[in-house]
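Student: generate coordinates for the sequence data below:
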Amino acid sequence: MAGAVRAVTIDHRRFLRDMLQAAIDAAAPARCVPAHLPPRPKGRTIVVGAGKAAASMAAAVEAHWDGPLEGMVVTRYGHGAACQRIEVVEASHPVPDRAGDRAAQRILELVSDLSQHDLVLVLLSGGGSALLTSPIAGLAFDELADLNEKLLRSGATIGEINCVRRHVNALAGGRLAAACYPAKVVGLLISDVPGDSPADIASGPTVADPTTCADAMAVLEHFGISVSPALQRLLASGRGESIKPGDPHLAGVETHIIAAPRKSLQAAADVARGANITPRLLSDRLEGEARHVGTALAGIARQIADHAEPMVPPCVLLSGGETTVTVRGEGRGGRNSEFLLAFGIAVDGHPHIFAIAGDTDGIDGVEEIAGAIWLPDSQARACRLGLDPKLSLARNDAHSFFESLGDGVVTGPTMTNVNDFRAILIV
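Tutor: Predicted coordinates for the structure are as follows:
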């Protein structure tokens with residue numbers, strides 16, 4: 001063995017939940033927004049935005065803004081917040097609906113006919129792409145809604161999905177900022193994407209897009225996604241081209257990432273240190289099929305538990321990013337619970353391995369379930385209940401599996417979103 005294992009006494013379930021909560025708290029808009037507010041302009045201040053954190057970001061702006069302001073943000077149903085001067089609209093996520101389409105059109109109206117003395121404060125967070133789904137001229141909303149659903153089920157990465165979205169959505173790919181010209185545009189972003197690329201946060205409404213219609217067509221072809229003839233013509237003709245780097249309409253845009261996965265992982269690491277447990281941040285940008293990532297991290301956890309290599313227990317492995325799920329079954333699940341179920345199958349009831357996986361917005365997939373917890377006795381309890389973890393995984397039914405065990409994690413809407421959170425505890 002590479003080193004001596006330190007004894008530690010903790011409530012494992014509580015410890016895992018505390019780390020998840022610390023990650024969520026680190027990205028709370030009330031904590032992150034105020035320090036990044038720009039100076040008051042000579043003219044009007046218009047606040048617009050979209051995402052699961054948009055309403056709570058708007059509330060933070062109102063609480064700290066010195067001067068008049070107006071505007072509108074769109075968030076997911078159930079994620080609203082009380083605002084006095086900024087209108088909050090709720091719409092559907094992850095599959096868009098017409099409420100989001102109408103909100104997007106109204107936002108474009110709000111930022112039209114502005115002057116160089118005006119300020120547009122754009123609040124963006126994860127979920128903004130679906131919530132601001134409005135078709136480019138020549139497309140129907142139903143075509144975009146169908147495309148969005150197919151992309152989500154295809155196994156494509158978030159970068160690939162957003163590449164397509166930037167070429168078919170009326171506000172994506174820099175189009176919102178271009179519509180604000182010549183007003184000053186300041187974007188405050190809560191990142192939910194691997195690598196924190198502003199072009200992938202809400203599909204980049206305020207930043208230039210270096211990808212092309214041809215790139216979007218290549219994604220559709222690679223994943224075998226069929227689209228309507230009108231959408232095919234839009235991409236093939238180049239009419240869906242986004243705003244490119246160097247465009248003068250974006251020259252005055254400022255972009256600030258005010259919360260990101262790495263900061264939240266660091267907050268969870270502080271919780272571990274407080275419990276005398278060594279944290280290791282593996283990555284804030286893990287991608288790939290959720291079940292494959294789960295199996296791979298299980299192999300690392302077992303190496304540590306059995307051989308104290310490359311770390312000595314007690315330790316916790318922390319990671320973020322956004323995995324994908326290629327849906328083949330008809331079960332209830334999301335990428336975090338699917339990751340954890342595959343992880344649990346691979347650790348095979350190891351007595352020294354515990355884990356939690358959840359989405360920091362409180363929604364794993366489409367249900368009000370953040371994720372789940374895996375304990376050394378999870379597999380044995382499942383067996384007693386007649387649950388087959390491999391069958392549940394094959395059916396993409398991880399939510400039902402963990403719900404039956406009583407090991408689902410329900411946080412409710414967190415009003416923020418810095419993507420997946422995974423913590424693997426080895427004692």
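
Student: so Leu123, which of the three states?
Tutor: When classified by DSSP: H, G, I helix; E, B strand; the rest coil, Leu123 comes out as strand.

Student: would you mind naming the residues that bridge with the closest residue to it other than its chain neighbours?
Tutor: The shortest distance from Leu123 to any non-neighbouring residue, by C-beta to C-beta, 6 or more residues apart in numbering, is to Gly49 (3.1 Å). Heads up, the C-betas are built off the backbone N, CA and C, glycines and all. When assigned by DSSP bridges, Gly49 has beta-bridge partners Val73, Leu123.

Student: now swap in Ala355 and tell me
Tutor: Under the criterion DSSP bridges, Ala355 forms beta bridges with Trp374, Ile424.

Student: residues in contact with it?
Tutor: By C-beta atoms under 8 Å, 6 or more residues apart in numbering, the contact set of Ala355 is Leu16, Ala301, Leu340, Phe343, Gly344, Ile373, Trp374, Arg422, Ala423, Ile424, Leu425.

Student: could you rerun that using 10 Å?
Tutor: Shown in contact with Ala355 (C-beta atoms under 10 Å, 6 or more residues apart in numbering): 12, 16, 294, 297-298, 301, 316-317, 339-340, 343-344, 347, 372-375, 378, 422-426.

Student: do Ala60 as well
Tutor: Ala60 is in contact with 28-34, 37, 53, 81, 83, 123, 188, 258, 415, counting by C-beta under 10 Å, 6+ apart.

Student: go on, Arg85?
Tutor: Counting by C-beta under 10 Å, 6+ apart, Arg85 touches Thr45, Val47, Ala58, Val61, Glu62, Trp65, Pro68, Leu69, Glu70, Gly71.

Student: sorry, back to before: so which of the contacts of Ala355 are in strands?
Tutor: Among the contacts of Ala355, the members found in strands (DSSP state E) are Val316, Leu317, Ala372, Ile373, Trp374, Arg422, Ala423, Ile424, Leu425, Ile426.

Student: would you turn the residues you listed into JSON lines with pLDDT?
Tutor: Output for those, formatted as JSON lines (pLDDT from 0 to 100):
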{"residue": "Val316", "pLDDT": "98"}
{"residue": "Leu317", "pLDDT": "98"}
{"residue": "Ala372", "pLDDT": "98"}
{"residue": "Ile373", "pLDDT": "98"}
{"residue": "Trp374", "pLDDT": "98"}
{"residue": "Arg422", "pLDDT": "98"}
{"residue": "Ala423", "pLDDT": "98"}
{"residue": "Ile424", "pLDDT": "98"}
{"residue": "Leu425", "pLDDT": "98"}
{"residue": "Ile426", "pLDDT": "98"}
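
Student: in the lengthiest strand in the chain, which residues are buried?
Tutor: For the chain, the longest strand by residue count, based on DSSP E, is strand 278-286. Within strand 278-286, the residues scored as buried using 16 or more other C-beta atoms under 10 Å are Thr278, Pro279, Arg280, Asp284, Leu286.

Student: over to stretch 26-37?
Tutor: For stretch 26-37, burial by neighbour count (16+ other C-beta under 10 Å) applies to Ala26, Ala27, Ala28, Pro29, Cys32, Val33, His36, Leu37.

Student: surely the fourth one touches Leu189?
Tutor: Spelled out, it's Pro29. No. Pro29 lies out of contact with Leu189 (C-beta atoms under 10 Å); the separation is 11.4 Å.

Student: give me the common contacts of the two.
Tutor: Residues touching both Pro29 and Leu189 (C-beta under 10 Å, 6+ apart) are Ala53, Met57, Leu123, Ser125, Ile258, Ala259.
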